[in-house]
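*Asks:* sequence plus predicted model, see below.
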Amino acid sequence: MNLYDIIERRRDTRREFTGAPISPDVLTRVLSAAHAAPSVGMSQPWDFVLVRSPATLATFRDHVALEREAFASRLTGERADTFAQIKIEGICESRLGIVVGYDPTRGGPQVLGRHAIDDAGLYSVICAIQNLWLAATAEGLGVGWVSFYREDFLRDLVGMPAHLRPVAWLCVGHIAELPEVPDLERHGWRSRSPLETVVHQERYSPR
């Protein structure tokens, strides 16, 4: 696959994980791709915590289930029915969780390029996550980004110090198949917008 094929095939996977172990070589290539991401001031402000313990996976799964229920309780009508069909787990099934953390102290007190935009370090971490996701797709792996969690809970669960921010829990593993259509689109939660609706010339123009 070329780069454009990989971008087009990238999916947020959930129900497709097989639980088969990832070979060390493949995992190293995926993490190396993440670590090769661009970062503000060459600060490389990311950390990757690899979680395989069944007990830790189950604890996080239970926390996510409670947060999912809290969100679902605020939905009504069609939104509630649609959300009930969407599986947002894969935590235990994938058998590997990668917690991506952001360390704002990495690179020292004066990070070149962050003086005016403090969040540039956080943006760097997102670039690393995208690299990881595309590399995993190229390797035939699935990735699911879990966002139904409280940051303090996840920080404590994996032993991150107080100044680190857990940016993502990524379920990573072999999958039986790659969905042709993203789950949220397939279930009718949202559809992808046409390119022309988000491109502006010279100045922002309201749609």
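*Replies:* Right, received. Where do you want to start?
*Asks:* next up, phi/psi of the spatially closest residue to Arg155 that is not a sequence neighbour, please.
*Replies:* Closest residue to Arg155 apart from its sequence neighbours, by CB to CB, 6 or more residues apart in numbering: Pro166 at 5.3 Å. Every residue, glycine included, has its C-beta placed from N, CA and C. Reported as degrees, to the nearest 10, the phi and psi values for Pro166 are phi -70, psi 110.
*Asks:* Pro166 against Glu151, yeah?
*Replies:* Yes - Pro166 is within contact range of Glu151, at 5.5 Å (criterion: CB atoms under 8 Å).
*Asks:* what about the residue nearest to Arg155, how many neighbours?
*Replies:* 22 (other CB atoms under 10 Å).
*Asks:* Leu154 too?
*Replies:* 23.
*Asks:* ditto for Ala138
*Replies:* With other CB under 10 Å as criterion, Ala138 counts 18.
*Asks:* quick one: contacts for it?
*Replies:* When contacts are counted by CB atoms under 8 Å, 6 or more residues apart in numbering, Ala138 touches Met1, Ile6.
*Asks:* how about it, phi and psi?
*Replies:* phi -60, psi -30.
*Asks:* and for Ala37?
*Replies:* phi -60, psi 150.
*Asks:* ok, it touching Trp133?
*Replies:* No - counting by CB under 8 Å, Ala37 does not reach Trp133; the two are 11.0 Å apart.
*Asks:* looking at those two, which one has more neighbours?
*Replies:* Neighbour count, other CB under 10 Å: between Ala37 and Trp133, Trp133 has more, with 25 against 17.
*Asks:* quick check: chain neighbours aside, which residue is closest to the more buried one?
*Replies:* Per CB to CB, 6+ apart, closest to Trp133 is Val143, 5.0 Å.
*Asks:* three-state assignment of the one you found?
*Replies:* strand (DSSP: H, G, I helix; E, B strand; the rest coil).
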